[in-house]
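[1] Sequence below, structure please.
(2 chains)
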Number of protein chains: 2
Amino acid sequence: MAALAVSLGDPAGIGPELLCEAWVRRKQEKLPPFFAVGGAKVLAKAAARRGLDVPIEPIDGVAAAAEYFPGALPVLGGLDGDYTPGQPDPDGARLALASLTEAVRQAVFHEAAGLVTGPVSKALLAEVGFAHPGQTEFVAEACRVDPEEAVMMLAGPQLKSVPLTVHCALSAVPGLLSAELICRKALVVDAALREDFGIAHPRIAIAALNPHAGEGGRMGDEERRIIIPAIEKLREAGIDASGPYPADALFAPHARSQYDVALAMYHDQALIPLKALDFDQGVNMTLGLPIVRTSPDHGTAFAIAGTCKAHPGATIAAVRMAGAAAVMRARA
Amino acid sequence: MAALAVSLGDPAGIGPELLCEAWVRRKQEKLPPFFAVGGAKVLAKAAARRGLDVPIEPIDGVAAAAEYFPGALPVLGGLDGDYTPGQPDPDGARLALASLTEAVRQAVFHEAAGLVTGPVSKALLAEVGFAHPGQTEFVAEACRVDPEEAVMMLAGPQLKSVPLTVHCALSAVPGLLSAELICRKALVVDAALREDFGIAHPRIAIAALNPHAGEGGRMGDEERRIIIPAIEKLREAGIDASGPYPADALFAPHARSQYDVALAMYHDQALIPLKALDFDQGVNMTLGLPIVRTSPDHGTAFAIAGTCKAHPGATIAAVRMAGAAAVMRARA
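    Numbering: from 1, shown residues only, chains lettered A, B, ... in the order given. A predicted model of the protein is given here:
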């Protein structure tokens, strides 16, 4: 397969060092080939600081990446600069944005097999003119997909979960829920599990909003008004959706074995169990795009950048998941 | 120490069989002595169905329980009846209520070292005239404690968590939160961790309500308006309270090692991580009472009663935790 394009993330964060660490572990972790978009100097310094031996191989196009990958970390293009770990600045944010933009381009035009994005600082990106709420919306727009149709899924070794509402106050969640929203996102999730994970009949478990799933309406009526009608519609459409399940029971070990993905009503409902169970291996995958896109589910962690403390598990998992999805799509 | 009083729970549920299972494992699990309140026939049949050898020893008072415990399961009083697992009825609910009432009495008058309550059906109890929302409120009232001052803590081997609001719709949560509520419950929790767990300086981690702890007010302002002022007041009072922490990060493995108990803003925020991590060993402990009270954190599970499928882990953990707390209190 062609190599995956990986954007640097903020050069003062933990993205570059973890990319080096992933490359070093490429054999033991059986990782698919990938290349960094820019940052040859940033990566060389990050590797040195972590005590890693990472030869850098500049490449002019995606085609060469897979060939060089076994012996060196391929780096596409000349984007670069000098940055100090833990000391982010607007220049670094500009480099992160340029790397992201070019990495997306490589994936959209199908030269790269897929896209893995490094962690960025949204606040710093906003300062340098980035007008999107996050990388997901940027990638969706570059793919000409309505960001509403791009669905964030969090995936770890023990759980895949999708929050139906994401970055909003908890008090706003009940008002944002609708049967239409649940159905629309569930359809995207169903298609993605078939196409990217090869699951022939995805089992989608849908969480309740209220404790004890509302206990027959005694503690909230969103289950009866919104979630149950949505599940009925999905089942009529042939989707294996079930629920609503009390959220505290849904993520227990024996419950997790009964579904392929959990649809949660809000951010923390999806992310609390994922991070409690699989903190160092969480992957953020964007479903519903024409390209494969994953990201390690952590931030720039400026506070520990350059200290060798950052765990590469999520970066490795993000690369592996993107590669596996790309293979599934190529077979289809 | 004196023995713990254990109420039967609904005789058609899994409570009686798990009590027998706990008694059988008393040595390997190093359990403190306990006795059942009523249900000699119910327990004998439950043991037989599970293939357990459980001699029953009727006792007239608590004093005899510890003496008989090594060789038989002591049963106090004549409350009893004939019930079929999985087929609850009002008579069974009456037996459950009578057993609970007497078990509470034994603990309140300090004849028993503490109280472990078996699982009941709230709906069935309500049908036979039980006017309390749950056993916790009943026990609090019997102890002449304002139910508002009785704090539910969920505890497993990997996590202790306290929901500040409990059985209400999610949409009602933001309106129920106040700095006063947080401070009041945190003080009860702090005292209980000292007295019942022997933790000299309890570290209390307080969850945010909104994703990313509100991200500086961009996604909800309850952190700034309510939670941060509460934490400041608690710290002024000498309590080691910290936060508000984004809830998805708070329950990750490395975060859990930094505190003794997490205060969550709502039911599922506290229970999702507990059940994801420790499903079969969760204990519900009521803090702020003059007596020790624990309960296995599961329901009657009528659907699997009598089938040998129910896991005794939570009952064993509830007995062990009550015994340890009783020892701590006796030493004080």
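
[2] what's near enough to touch the closest residue to A:Gln87 other than its chain neighbours?
    Nearest residue to A:Gln87 in three dimensions, chain neighbours excluded: A:Ala12, at 5.5 Å (CB to CB, 6 or more residues apart in numbering or on different chains). Quick note: C-beta positions are derived from backbone N, CA and C, even for glycine. For A:Ala12, the contacting residues are A:83-89, A:92, A:300, A:302, A:305, by CB atoms under 8 Å, 6 or more residues apart in numbering or on different chains.

[3] let's see 6 Å
    Taking CB atoms under 6 Å, 6 or more residues apart in numbering or on different chains as the contact definition, A:Ala12 lies against A:83, A:85, A:87-88, A:92.

[4] Could you dump those residues into TSV and include secondary structure and pLDDT?
    Output for the contacts of A:Ala12, formatted as TSV (DSSP: H, G, I helix; E, B strand; the rest coil; pLDDT from 0 to 100):
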residue	secondary structure	pLDDT
A:Tyr83	coil	95
A:Pro85	coil	96
A:Gln87	coil	96
A:Pro88	coil	96
A:Gly92	helix	96
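
[5] out of those, which are buried?
    For the contacts of A:Ala12, a neighbour count by 16 or more other CB atoms under 10 Å in any protein chain shown gives the buried set as A:83, A:85, A:88, A:92.

[6] For these, work out which two are farthest apart.
    Comparing every pair within these by CB to CB identifies A:Pro85 and A:Gly92 as the most remote, at 10.4 Å.

[7] Leaving out the residues flanking it, which one is nearest to the closest residue to chain B within the stretch 51-200 of chain A?
    At 3.1 Å from chain B, A:Ala169 is the closest residue in the stretch 51-200 of chain A, using CB to the nearest CB. Of all residues not flanking A:Ala169 in the chain, B:Gly220 sits nearest, at 3.1 Å (CB to CB, 6+ apart).

[8] hmm, back to that, any chance of the buried ones among the contacts of A:Ala12 in CSV, with distance to A:Gly243 too?
    Converted to CSV, those look like this (distance: CB to CB, whole Å):
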residue, distance to A:Gly243
A:Tyr83, 46
A:Pro85, 44
A:Pro88, 42
A:Gly92, 44
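
[9] if we can go back for a sec, helix, strand or coil: sort out the residue nearest to A:Gln87 for me.
    coil (DSSP: H, G, I helix; E, B strand; the rest coil).

[10] Could I get the phi/psi values of it?
    Dihedral angles of A:Ala12 (phi, psi; degrees, to the nearest 10) stand at phi -90, psi 0.

[11] Local confidence estimate at it?
    If you check A:Ala12, the pLDDT there is 97.

[12] And A:Ile226, by the same measure?
    98.

[13] Helix or strand: which one has A:Leu193?
    If you go by DSSP states H and E, A:Leu193 is part of helix A:179-197.

[14] is it true that A:Lys160 touches A:Ala262?
    No: in this structure A:Lys160 lies outside contact range of A:Ala262 using CB atoms under 6 Å: 7.1 Å.

[15] Looking only at neighbour counts, state which of the two leads.
    Set side by side, A:Lys160 and A:Ala262 show more neighbours around A:Ala262, with 29 against 22, by other CB atoms under 10 Å in any protein chain shown.

[16] mind listing what the more buried one touches?
    Counted by CB under 6 Å, 6+ apart, A:Ala262 has contacts A:161, A:205, A:250.

[17] Tell me the most packed of these, by neighbour count.
    Busiest of the contacts of A:Ala262 [other CB under 10 Å] is A:Leu250, holding 29 neighbours.

[18] Please name the residues that touch that one.
    By CB under 6 Å, 6+ apart, the neighbours of A:Leu250 are A:207, A:262.

[19] Now do the phi/psi pair for it.
    Dihedral angles (degrees, to the nearest 10) for A:Leu250: phi -60, psi -30.

[20] Which part of the stretch 201-332 of chain A gets nearest to chain B, residue-wise?
    For the stretch 201-332 of chain A, CB to the nearest CB, closest residue to chain B: A:Gly220, 3.1 Å.

[21] can you confirm that residue is in a strand?
    No: using three-state DSSP, the assignment for A:Gly220 is coil, not a strand.

[22] which stretch of helix or strand covers the closest residue to A:Ala150 other than its chain neighbours?
    Once flanking residues are discounted, A:Ala150 sits nearest to A:Ala140: 3.9 Å by CB to CB, 6+ apart. Using DSSP H and E, A:Ala140 sits within helix A:135-142.

[23] ok, residues contacting that helix?
    A:104, A:108, A:117, A:132, A:147, A:150, A:286, A:293.

[24] Quick check: buried residues in that helix?
    Quick answer for helix A:135-142 (16+ other CB under 10 Å): A:135-140, A:142.

[25] got a list of what the most centrally placed residue in chain A touches?
    Nearest residue to the geometric centre of chain A (CA atoms, centre = their mean): A:Asn284, 2.1 Å. Taking CB under 6 Å, 6+ apart, we find A:Asn284 in contact with A:154, A:295, A:297.
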